[in-house]
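1. Structure for the following, please:
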Amino acid sequence: NGGMIFIQNGSGPWSGIQLFGTVTLDLVKGQNVTVTGFVRDSFGVTQISGIDFPEQIVINGTSDVPAPTLLSTETINGSSGGELPAEEYESVLIKYANVHKFIFSIFD
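-> Next up is the predicted model:
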């Protein structure tokens, strides 16, 4: 039905959006693009959709890939789609700090 890719116009909250459509599959990491489509919410994710014709994506050149936004797991906590603060980091490249692995064993 179409490809799914994420773009950002900087780092930090509210800087990313998902693109959805068949011509998104030709995009390459580091490209600077201008996109034309329909902004909508699909399964709790804000996206620019209906990108199915080559003229809807203009490649302007290249850009540096934004650095990941450093977050602790406490920032997102139990938030789900559409809830703050999770919503503001939707489609944004993030890196979690202080992640710990817990192993639980259940014995009878």
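2. Retrieve the pLDDT associated with residue 94.
-> pLDDT recorded at residue 94 is 90.
3. right, and it touches residue 71 too?
-> Yes: the pair residue 94 / residue 71 is scored as a contact, 5.3 Å apart, by Cβ atoms under 8 Å. The C-beta positions use only the backbone N, C-alpha and C, and glycine is treated the same way.
4. So which residue is dead centre in the chain?
-> Centroid check for the chain by Cα atoms, centre = their mean gives residue 91 as the closest residue, at 1.7 Å.
5. Chain neighbours aside, what residue packs nearest to that one?
-> In this structure, residue 91 finds its nearest non-sequential neighbour in residue 16, 3.3 Å apart by Cβ to Cβ, 6 or more residues apart in numbering.
6. What segments of the protein are helices?
-> Taking DSSP state H, the helices of the chain run over residues 73-76.
7. quick one: the strands in it?
-> With DSSP state E as the criterion, the chain has strands at 3-8, 16-21, 31-35, 38-42, 45-49, 57-62, 69-72, 94-97.
8. can you redo those strands as a markdown table with mean neighbour count?
-> Formatted as a markdown table, the strands of the chain follow (neighbours: other Cβ atoms under 10 Å):
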| stretch | mean neighbour count |
| --- | --- |
| strand 3-8 | 16 |
| strand 16-21 | 21 |
| strand 31-35 | 14 |
| strand 38-42 | 11 |
| strand 45-49 | 19 |
| strand 57-62 | 12 |
| strand 69-72 | 14 |
| strand 94-97 | 12 |
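9. I'd like these laid out as CSV, including distance to residue 103.
-> CSV is the format used below for the strands of the chain (distance: least, Cβ to Cβ, whole Å):
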stretch, distance to residue 103
strand 3-8, 32
strand 16-21, 33
strand 31-35, 41
strand 38-42, 36
strand 45-49, 32
strand 57-62, 43
strand 69-72, 21
strand 94-97, 18
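10. which residues does residue 71 form a beta bridge with?
-> Taking DSSP bridges as the rule, residue 71 bridges to residue 96.
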